[in-house]
Every structure is written in structure tokens, then in C-alpha cells.
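Enquirer: Got a predicted structure here, sequence first:
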Amino acid sequence: MEDKRSVGERTAAVHGPRPSEPGSLTTPIHQTSTFVLASADDVDAVYEGRREGDVYSRYSNPSVRAVEERVAMLEGTQAAAAYASGMGAITTTVLAFVPPGGRIVANEDLYGGVANFLKWMRDRLGVRVDLVPTTDAAALASALASGPRPSLCYLETPTNPTLRLVDLAAAVEAARAAGVPTAVDSTFASPVNSKPHALGVDLVLHSATKYLGGHGDLTAGVVCGSKELVARVHAVGKMLGPTLDPHAAFLIERGLKTLPLRVKAINENAQAIAEHLARHPAVHAVHYPGLASHPQHALAKKQMPGGYGGVLSFDVATFADAKRVLDAFRIVRNAASLGGVESLCSLPYQQSHRGQPKDALARSGITEGTIRLAVGVEDKDDLVRDLDQALSGLRK
């Protein structure tokens, strides 16, 4: 391919940015810890960046690099760095930008692992952590403009599990005015549904465990952005060592080839299921940005032009009812992930937000009867029937 930006998304997902060469159709698995170099001068050339090459797999590996290039192409960024988990990508990125005693501004509906990490940074490194309401663009702008200058604005959109959105264009405008870089976890959207970098976001993060891998058989993470910013993250990653294994990289590249096809099917299933649940008498509320009833539906249409994703949540009356539904599913599986070909279900009160204070749960819109559904690619009618039989008998 002459211009890596000139092809369509499905072509980019299948072929990546590098032209086809004679030999292996798929990228070989470079399952090696170290690399043999031709000479002492060659060592200098690689270390100094005068030629592309690999020295040690904690620094770089051809299998991992192939994934990084393909994800960067899909996100429309100059570069990407891949790590052994989504949290590996997130923690490395945050540590690359936020020094001890620094300040980070974030939206309050954060993934539990990130919330715990920010508490650790506050307690161990003296970092000031300011959380603002997720949907309040004015509150975010005020936090960025007041007090000590933040080192990073960290955001998640859509949020887990109530699918609230951050207005990224407004966030970028406020962050740029304050001279603060932005990092956005876009895992729930995937590169198919949203392109945060096109809206001005500096760094885009994904748990590649989810949609990018897509088959529930690996853990990985990736951060995308300019060459300069990704190099800053990569320098910290080389020290910390959250290295992505070459075999896992091979599996991600395999998953990326079908990413647009899978996400399109998942979007269609999730939309149909959300609309069905919104009409169900035993369901008290449905949280999905593709519904016209979602308070940020207009923003979702603008910010997620590819679709609204495969995660939705809905509320039943009680925790006992939620457990009854979870145990009654026949196709949907009880597991706490998302973005794969199988439909999965979990109870946030019991899993992702277990032990959180009731006031924090209330601010996030989570009740004891909230059920999170991560939709897969199964036949839509089969999933609807499974939901109906699981919900049958619940009080209205």
C-alpha cells in the first residue's frame, strides 16, 4: 500500500500499513527474548535509531511491532505501543506523564482498576487526583483551568457500566486551553465506532483484551498517539517491563483482521437488544447510547459515527432478581469481560464495583439490580429469546 491512510477500514484491518512481501502470509511469531546483531557497529546503529532493528524483546519485537502499526493505522495516529494488559498500557501512560506530587484530572465514572491505581498514586506518590462528573463539560473545563496545572487529563468514554459519555471535543478544547495533554480510554467504543484522535485527543488507549483481540483468549493493551508522545510512554514501558508476548501479539493481529466485521455485527445485535429491553415490563431502565431515550444520544451520534458498541446495562428491581436473571441465561455466559464473539453478562454490584460506597454507586447510576450485558455475534433472535426466558417471572 502506497499510502497507509488511503485505504478503507476493512482493508486496513486485514492488511495493515506494510506492503505485502513474498513469504509468510501472516506475521511470524518471533518467540525470542533476544536478537543477534551483525556487528558492534550494528548495535550502535539500532540503539541510535539509524536503522530499524531489535535488540531485546522488552524493548521491541517484530510481532509486537506489527500489531502496533496496525492499531495506529486504524486509530489514525502516527504510532502505538502495545503492552501485556489494558492496565499495563494505562499505568505506563499515566506514570509517563504524571510525576510524584503532580496532578491528574479525570472523569469520576472510572474503571475500578484505574480508580484503585489513582488512589495508589495519591497515597504513595502524593499525586492530586481531581474527579469531575463524567457528563459535565463545564465542570471538567473548570477543573482544568483552576488550581495547579494538571499533568494529564484522563478520560473514559463510554463508561462502565452505565454508558455515559464524555464530550471529547469540549474536553480537548478545555485541555488545550490549559496546556494539558489528554488521554482517553476508548475500549468500549473500539476504533470502528469512534476516532478520538480525529477529535484532537492526544493519546487513545484500549484494552486489546476486548474488541481488538476479540476472542477471549489473550490479555493486552495499547496506547496510540503521535510519535513523540508514544515514545515518551515507551521509554517508561521499557523500564517497567509490561511486555506483550509475541504469541499474544500474533493473536491480536489475527483478531484485528475481522474487527470491523465483528463490531458491525455486535453493534446491530446490541441495538436490537436495547430496544427490546426498553419495552420489557420487568426492566426498569436501559442504559445504551444508541437509544433515543439516552440523555446523550445526540452526542453519541456525533462522537460515535461507526456505531454505539456492544455493551449495555439494564436495571431490574432487586439484587435477588439480577442474580436470578444471571443464573437463568442459557446462551449468555456469566463472565466479566466484553468485546468478544460470545455474549457475556455480569452484575456490577457484585463484580466490577464490588465494595464501593453506596453514594459512589448512586453517582455512577448503578443499582443492586443493574445487569451489564456485553453482546456478542450470536444470532440476534436467539439472544432475545434467551433474555426473555431469563427475565420471565420477574415482578414488574
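Expert: All right, it came through fine.
Enquirer: Mind listing what's buried along stretch 308-326?
Expert: For stretch 308-326, burial by neighbour count (16 or more other C-beta atoms under 10 Å) applies to 308-317, 321-323, 325-326. Using the backbone N, CA and C atoms, a C-beta is placed for each residue, glycine as well.
Enquirer: now stretch 254-262
Expert: 254-260, 262.
Enquirer: Quick one: residues in contact with stretch 122-139.
Expert: Contacts with stretch 122-139, where a contact means C-beta atoms under 8 Å, 6 or more residues apart in numbering, come from 98, 100-110, 118-119, 121, 140, 143, 147-148, 150, 157, 159, 164-167, 170-171, 174, 295-296, 363.
Enquirer: Buried ones in it, by neighbour count?
Expert: For stretch 122-139, burial by neighbour count (16+ other C-beta under 10 Å) applies to 127-132, 134-135, 137, 139.
Enquirer: For it, the averaged confidence score.
Expert: Across stretch 122-139, pLDDT averages out at 98.
Enquirer: same thing with stretch 202-217?
Expert: Rounded mean pLDDT across stretch 202-217 is 98.
Enquirer: Please put the alpha-carbon coordinates of stretch 368-386 into PDB.
Expert: Extracted C-alpha coordinates of stretch 368-386, given in PDB (Å, rounded to 0.1, in the frame of the first residue of the first chain):
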ATOM      1  CA  GLU A 368     -28.200  -3.500  43.100                       C
ATOM      2  CA  GLY A 369     -30.300  -4.700  40.200                       C
ATOM      3  CA  THR A 370     -28.000  -3.400  37.400                       C
ATOM      4  CA  ILE A 371     -27.100  -6.100  34.900                       C
ATOM      5  CA  ARG A 372     -24.300  -5.500  32.400                       C
ATOM      6  CA  LEU A 373     -24.600  -7.300  29.100                       C
ATOM      7  CA  ALA A 374     -21.600  -7.500  26.700                       C
ATOM      8  CA  VAL A 375     -23.200  -8.500  23.400                       C
ATOM      9  CA  GLY A 376     -21.500 -11.000  21.000                       C
ATOM     10  CA  VAL A 377     -22.100 -12.000  17.400                       C
ATOM     11  CA  GLU A 378     -24.700 -14.800  18.000                       C
ATOM     12  CA  ASP A 379     -28.000 -14.700  16.100                       C
ATOM     13  CA  LYS A 380     -30.000 -11.800  17.400                       C
ATOM     14  CA  ASP A 381     -33.200 -13.700  17.700                       C
ATOM     15  CA  ASP A 382     -31.500 -16.400  19.900                       C
ATOM     16  CA  LEU A 383     -30.200 -13.700  22.200                       C
ATOM     17  CA  VAL A 384     -33.600 -12.000  22.500                       C
ATOM     18  CA  ARG A 385     -35.200 -15.400  23.300                       C
ATOM     19  CA  ASP A 386     -32.600 -16.100  25.900                       C
END
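Enquirer: now it, how far from the chain's geometric center?
Expert: 20 Å (C-alpha atoms, centre = their mean, to the nearest Å).
Enquirer: Next: stretch 342-361.
Expert: Remark: stretch 342-361 is offset 18 Å from the chain centroid, using C-alpha atoms, centre = their mean.
Enquirer: Compute the first-to-last residue distance for it.
Expert: Start and end residues of stretch 342-361 are separated by 28 Å (C-alpha to C-alpha, to the nearest Å).
Enquirer: Please enumerate residues in contact with it?
Expert: 111-112, 160-161, 216, 269, 313, 319, 322-323, 326, 329, 331-338, 364, 366-368, 370-376, 378, 383.
Enquirer: If any of these are buried, put those into a PyMOL selection.
Expert: To isolate the buried subset of those in PyMOL, counting by 16+ other C-beta under 10 Å, use the following:
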select buried, resi 111+160+161+216+269+313+322+323+326+329+331+332+333+338+364+366+367+368+370+371+372+373+374+375+376+378+383
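Enquirer: and the contacts of stretch 342-361, which of them are in helices?
Expert: The subset of these located in helices under the criterion DSSP state H comprises 112, 269, 319, 322-323, 326, 364, 383.
Enquirer: shaky segments in the stretch 251-396 of the chain?
Expert: Within the stretch 251-396 of the chain, the stretches with pLDDT under 70 are 355, 395-396.
Enquirer: go on, the stretch 1-150 of the chain?
Expert: Low-confidence segments of the stretch 1-150 of the chain (pLDDT under 70): 1-5, 20.
Enquirer: What count of nearby residues applies to the residue lying closest to R324 once chain neighbours are set aside?
Expert: For R324, ignoring the flanking residues on the chain, the nearest one in space by C-beta to C-beta, 6 or more residues apart in numbering is L394 at 7.1 Å. Neighbour count of L394, defined by other C-beta atoms under 10 Å: 20.
Enquirer: quick one on the thing from earlier: let's have the ones in helices among the contacts of stretch 342-361 in JSON lines, adding distance to P357.
Expert: What follows is the ones in helices among the contacts of stretch 342-361, written out as JSON lines (distance: C-beta to C-beta, whole Å):
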{"residue": "G112", "distance to P357": "13"}
{"residue": "N269", "distance to P357": "34"}
{"residue": "F319", "distance to P357": "16"}
{"residue": "A322", "distance to P357": "19"}
{"residue": "K323", "distance to P357": "21"}
{"residue": "L326", "distance to P357": "23"}
{"residue": "S364", "distance to P357": "11"}
{"residue": "L383", "distance to P357": "34"}
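Enquirer: from these, which is closest to R18?
Expert: Nearest to R18 among the ones in helices among the contacts of stretch 342-361 is N269, at 33.0 Å by C-beta to C-beta.
Enquirer: so the closest one makes contact with D381?
Expert: No - assessed by C-beta atoms under 8 Å, N269 is found out of contact with D381, at 10.0 Å.
Enquirer: where do the strands sit along the chain?
Expert: 79-83, 103-107, 128-132, 152-156, 182-185, 203-207, 221-225, 285-287, 311-315, 333-334, 344-346, 370-374 (DSSP state E).
Enquirer: closest one to A248 among the ones you listed?
Expert: Across the strands of the chain, closest to A248 is strand 79-83 (C-beta to C-beta), at 8.9 Å.
Enquirer: Could you quantify the relative orientation of the closest one and strand 203-207 as an angle?
Expert: Angle of strand 79-83 versus strand 203-207, following axes from the mean of the first three to the mean of the last three C-alpha atoms, to 10 degrees, is 30 degrees.
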